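Visitor: The sequence and its predicted three-dimensional model are supplied below.
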Amino acid sequence: MNNNVFCIGELLIDMVCIDNKGLKDGEKFEKKAGGAPANVAASISKLGGNAYFLGQVGNDFFGKFLIELLKDLNINTEMAVEKGSTTIALVGIDANGERNFDFLRGSDGEYSFDNIDLSRIRSSDIIHFGSATGFLDGELKNTYFKLLKYSKDNNIYVSFDPNYRDTLITADKLDSFIEDSIKFISNSDFTKLSDEELFLITKEKDITIGVNKLHELGVRVVAITLGAEGTYLSVNGINEIIPSIEVKQIDSTGAGDALVGAVLKKLADNKDKKNVGFEEWKNIISFANKVGAITCTNYGAIASMPTLSEINNYLNVL
């Protein structure tokens, strides 16, 4: 029986500015599916894994579009809720392919723990928490902490990505965000952060010192994404930068989520996922780097994530 990955958090509409002028000056926008945990689920499913999405969209045209899309990707949505209005993220892309954001928040923060059928989650499964909106005030935050406790009580593998967004985490919310992130890192088996998030949470500019602080919290495996340079991997303090592949970046939206999905797909296939050795972790991250890089070569997160055959085709023409 294949293991499942349960991804909890937001599923939303990305209105992506595609004329490379950013949000202020941009005029052309395309509707794309987004939301970090949903992106992770899409990456897992596109790579042949079994993913569930746990979260809430609106009972509106955007919400119906999103749920249909996940179903088309073979992502299980039985525990998703359609109620209220759908959250919208405005995503600006500048001339270098980098992003800026604004959010129009809908009902994703109302998702309740009562909507989760715990009987579907086995000890061999994985639960992934992405916190772009998960640590904002609302029922979703309560649900996160209840599900984290359930995960630990039942020895379920926990993955965590802070998904920091400065447009969401304003100055008055920053200390709370860092505190909540530390609680989740302390209870995670695997955590992925950007170098910006590592500095934000640990206050350390040196990656190795910062990562060691995370290990002291209790997390065994840490991956720090470094953009084109690759990913800094640390397993119980043994570390190495795993290189990525060179691509022409068009839109980096969802690249980190695609990487996390690739990691979790590989882990779900492993019967002893809590004891994977460093050499195998290097192979996992090398594969995940390729998935993340290829995701940057087109607009829209989910639409740009590659399947296994697309990865092989891309690498064959390099």
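Guide: It's in.
Visitor: just the helices in the stretch 201-318 of the chain please.
Guide: 207-217, 255-268, 278-295, 301-304, 308-316 (DSSP state H, counting those that start in this stretch).
Visitor: what's the answer for the stretch 51-200 of the chain, then?
Guide: Remark: helices assigned in the stretch 51-200 of the chain by DSSP H, counting those that start in this stretch are 61-72, 139-153, 171-186, 195-202.
Visitor: picking that back up, so of the helices of the stretch 201-318 of the chain, which one's packed in deepest?
Guide: Across those, averaging neighbours per residue (mean count of other C-beta atoms under 10 Å) puts helix 255-268 on top, at a mean of 27. Where you see a C-beta, it was placed from the backbone N, CA and C, and this is true even at glycine.
Visitor: and that helix with helix 195-202, angle?
Guide: On the basis of axes from the mean of the first three to the mean of the last three C-alpha atoms, to 10 degrees, helix 255-268 is oriented at 80 degrees to helix 195-202.
Visitor: Helix 255-268 relative to helix 308-316, how many degrees between them?
Guide: 120 degrees.
Visitor: sorry, back to before: in CSV, list the helices of the stretch 201-318 of the chain along with distance to L104 and mean pLDDT.
Guide: Formatted as CSV, the helices of the stretch 201-318 of the chain follow (distance: least, C-beta to C-beta, whole Å; pLDDT from 0 to 100):
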stretch, distance to L104, mean pLDDT
helix 207-217, 33, 97
helix 255-268, 20, 96
helix 278-295, 24, 95
helix 301-304, 18, 84
helix 308-316, 32, 85
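Visitor: Mind checking the helices of the stretch 51-200 of the chain for the one nearest to G277?
Guide: With respect to G277, and counting by C-beta to C-beta, the nearest of these is helix 171-186 at 21.8 Å.
Visitor: So which elements touch that closest one?
Guide: Where contact means 3 or more C-beta pairs under 8 Å, 6 or more residues apart in numbering; DSSP states H and E, helix 171-186 is packed against helix 139-153, strand 157-161, helix 195-202, helix 207-217.
Visitor: Of the helices of the stretch 51-200 of the chain, which stretch is the most buried?
Guide: By mean count of other C-beta under 10 Å, those have helix 195-202 as the most buried, with a mean of 19.
Visitor: was I right about D60 contacting T87?
Guide: No: D60 is beyond contact range of T87, at 10.9 Å (criterion: C-beta atoms under 8 Å).
Visitor: and stretch 100-110, how far out from the chain's middle?
Guide: Its chain's C-alpha centre and that of stretch 100-110 lie 16 Å apart, by C-alpha atoms, centre = their mean, to the nearest Å.
Visitor: avg pLDDT for that stretch?
Guide: Mean pLDDT, computed over stretch 100-110, is 90.
Visitor: Of all the residues in that stretch, which ones are buried?
Guide: Judged by neighbour count using 16 or more other C-beta atoms under 10 Å, the buried positions of stretch 100-110 are 100-101, 103, 105-109.
Visitor: These: which two are farthest apart?
Guide: N100 and S107 (24.4 Å).
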